[in-house]
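Asks: What would the 3D arrangement of this be:
(chains A and B)
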Amino acid sequence: MKKNNNMGLAQAKAKSTAIAATVFLFPALLLIGIFIVYPVIDTFVISGYKWNGISADKVFVGLENWKTLLHDEMFWKSFKHNLIVMVFSIVLQIPLGMLLATFLDAGGKKFNFFKIIWFLPYLMSSVAIAFLFVYALATNGGMVSSFASIIQGKKVTIDLLGTAPNALYTVIGVMAWQFTPFYMVYFIAGYGNIDTTIYEAAIIDGATRWQYIKNIAIPLLGPIFKTACIMSLIGSLKYFDMIWNMTQGGPAGTTELMATYMYKLSFQQFSMGYGSTVAAGMFILITAIALIFNKVFKVKEVY
Amino acid sequence: MARNNTTSADYRSSKIKSKIAWAIAIFFACIMLVLTLTPFFFMIMNSFRKQFDMLQQGVFHLPHPWYFDNYINVVKNGFFGYFLRSVIVVGISLVLMLIISAFAAYPLSRMNFKLNPLIYATIVAMMSVPMHVTLIPIFKLTTAIGFYDSLKALIGPYVAFALPMSVFILTAFMKTIPKEIEESAEIDGCNRYQNFFKIILPLSKSGLSTLAIYNGVAMWNEFAFANTLLITPAKKTLPLALGQFKGEHSLDIPIILAVLTLSVLPMIILFIVFQDKLVKGMMAGAVKG
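Replies: Numbering: from 1, shown residues only, chains lettered A, B, ... in the order given. Here you go, the predicted model:
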């Protein structure tokens, strides 16, 4: 009898826990369901239609859009640009951020001034940066052209955003300007997490600052370095705001990325069916690349 | 004796070497300083020029005379409207997001129920969904429920996309609060709901403030949803103000640089006032991986 009572109590407790958990979790799950899960599924559903996004007549075309996607030169070109951006982001931003962090870590408090100034670009939104650099890099009245004109003593125009091979690399440079401070602060935190006794022990053993950095600190930063790479990787594959406001993918599609291409198709040309296919393709590619990276480099679960 | 000599010579030469290394490092540090600051300098200097002075005076000269009308024009043409709408959207979204994510993190961190690991894993997996993939369905949904072209339209997506990471961080945070505190409160007659509001929520303040900064900055700068879901100028938020002003004054570069300066200013002021806290908050996204 007493045992039964206990069972009843335990069950009642489990039940009240389940009820409380449901109450507390409900709003979050509802919103995530409506605005993330459902839209992802719906993107795949819409990718089966020919639809302009407004009119009621949606024509089911099956896998037609997906066939188009496989042979869509512009999409694969955009993907290639994403990959170029990805490689250069990892190669430029992360080492540079690490270098700046190393400098600040070695210099200590007296270099705080550098830290504050170097962080400033990360305070600007991507949209603001895009507009700023459109004017700063303009051929007429831009920073670079004006500077070159002063140096050479005559009017020089350097068209960084308007001509084909330059534009993509200029965009990559602007991205480096924007995101290097992020990795800098990230690595400063990484240095901060290294136990100071390790440094002291190394110095007592006669190591120089440089030897400490090279042989002890950098190997210890390994896991952080990998996480930084995967952040940069995913970030570059879904890059949108800055490019959209700076070049809109131009000139002649040479800075087109998957996200800008999708946006152009969907909200300028109003072919939302095919736009959804591009979005879904982008989702598949990003997920696949992130998974492959995780597998190859055995990134420890950061979750 | 001889040995001593070499050591001190070694010592001296290594000291010189280290001085040279520092000199080179500081030289490059200064170059980075110039590269970082020049665009800001360009933006601020030229925002105080008349439209045509920019080409005549040269962009690197100090403005002559300092021309403040750009700022007056920007303010007259509704800058504070954009600003205010951004404040409203970010304010409402942020409060909702913090409450809802704290709600969700509480059972995930402190209650045993069967679905706990599954729900947690699902929410965490949502962190890696790119928002662009959801843009068309959310546009469709927003139109269908009649929220298109109103500030209401932004709140749902802003809250939802901030939730996964916030729940993830808060769950980890709440796990560090000792169980004994709750147990003793239970003995004093508090139920779970009272526990949450009286104990867990107040103790999570520092985690919540980090999330508020990170997501506040992200929402403040959000462009893609706003650009897709708002169309009337009188309803647009601050990130869209730049495009709007550019459309209206396409040739007047200084006036757009004034808009830029004004839109960057709040962040720089916050940075000066709450330096470390802001940096820490903005880095919260680093767990996203």
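
Asks: Residue A:108: what's it in contact with?
Replies: Applying C-beta atoms under 8 Å, 6 or more residues apart in numbering or on different chains, we find residue A:108 in contact with no residue. Quick note: C-beta positions are derived from backbone N, CA and C, even for glycine.

Asks: Can you give me the distance of it to chain B?
Replies: Noted for residue A:108: a distance of 12 Å to chain B, by C-beta to the nearest C-beta, to the nearest Å.

Asks: For residue A:192, see how far away that residue is.
Replies: Relative to residue A:192, residue A:108 is positioned 12 Å away (C-beta to C-beta, to the nearest Å).

Asks: Equivalent analysis for residue B:19, please.
Replies: 26 Å.

Asks: same check, this time on residue B:205
Replies: Residue B:205 is 23 Å from residue A:192, by C-beta to C-beta.

Asks: check which helix or strand covers residue 264.
Replies: Went with chain A since none was named. If you go by DSSP states H and E, residue A:264 is part of helix A:258-267.

Asks: Please refer instead to chain B.
Replies: Per DSSP H and E: helix B:253-273 holds residue B:264.

Asks: what's next to the following helix or strand past that helix, contact-wise?
Replies: As assigned by DSSP H and E, the chain's next helix or strand after helix B:253-273 is helix B:275-282. Contacts of helix B:275-282 with the rest of the structure, by C-beta under 8 Å, 6+ apart, involve A:116, A:119, A:122, A:182, A:185, B:209-214, B:217, B:270-271.

Asks: from these, which ones fall inside helices?
Replies: If you go by DSSP state H, the contacts of helix B:275-282 have A:116, A:119, A:182, A:185, B:209-214, B:217, B:270-271 in helices.

Asks: how about the residues you listed, which pair is most distant?
Replies: A:116 and B:211 (23.9 Å; C-beta to C-beta).

Asks: Settle it for me: which of these two has more neighbours?
Replies: residue B:211 (25 against 13; other C-beta atoms under 10 Å in any protein chain shown).

Asks: hang on, the earlier thing: dump the contacts of helix B:275-282 into CSV; add distance to residue B:243 as well.
Replies: Below are those laid out as CSV (distance: C-beta to C-beta, whole Å):
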residue, distance to residue B:243
A:116, 30
A:119, 26
A:122, 22
A:182, 25
A:185, 29
B:209, 32
B:210, 31
B:211, 29
B:212, 27
B:213, 26
B:214, 25
B:217, 20
B:270, 24
B:271, 25
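
Asks: Could you pick out the buried ones from those?
Replies: For these, a burial check counting by 16 or more other C-beta atoms under 10 Å in any protein chain shown picks out A:119, A:122, A:182, A:185, B:210-214, B:217, B:270-271.

Asks: Return the member of those nearest to residue B:31.
Replies: residue A:119 (16.9 Å).

Asks: ok, that closest one to residue A:188 distance?
Replies: Using C-beta to C-beta, we find residue A:119 at a distance of 10 Å from residue A:188.

Asks: lowest confidence element among the helices and strands of chain B?
Replies: When the helices and strands of chain B are scored by mean pLDDT, DSSP states H and E, helix B:53-57 comes last with a mean of 74.

Asks: For it, buried residues please.
Replies: In helix B:53-57, counting by 16+ other C-beta under 10 Å, buried: B:53-54, B:57.

Asks: ok, which of those also contact chain A?
Replies: The overlap between the buried residues of helix B:53-57 and the neighbours of chain A (C-beta under 8 Å from any C-beta of the partner chain) comes to residue B:54.

Asks: any chance of the buried residues of helix B:53-57 in CSV, plus distance to residue A:139?
Replies: What follows is the buried residues of helix B:53-57, written out as CSV (distance: C-beta to C-beta, whole Å):
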residue, distance to residue A:139
B:53, 18
B:54, 13
B:57, 18
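
Asks: Looking at the buried residues of helix B:53-57, spot the one nearest chain A.
Replies: The shortest gap between chain A and any of these belongs to residue B:54, at 5.0 Å (C-beta to the nearest C-beta).

Asks: How is chain A divided into domains?
Replies: Domain assignment for chain A by automatic domain parsing gives A:2-46, A:64-297.

Asks: What residues does residue A:132 make contact with?
Replies: A:124, B:39, B:42-43, B:257, B:260.

Asks: What count of nearby residues applies to residue 219?
Replies: I went with chain A, as the question did not name one. By other C-beta under 10 Å, 9 other residues sit near residue A:219.

Asks: Chain B, not that one
Replies: So residue B:219, with other C-beta under 10 Å, has 26 neighbours.
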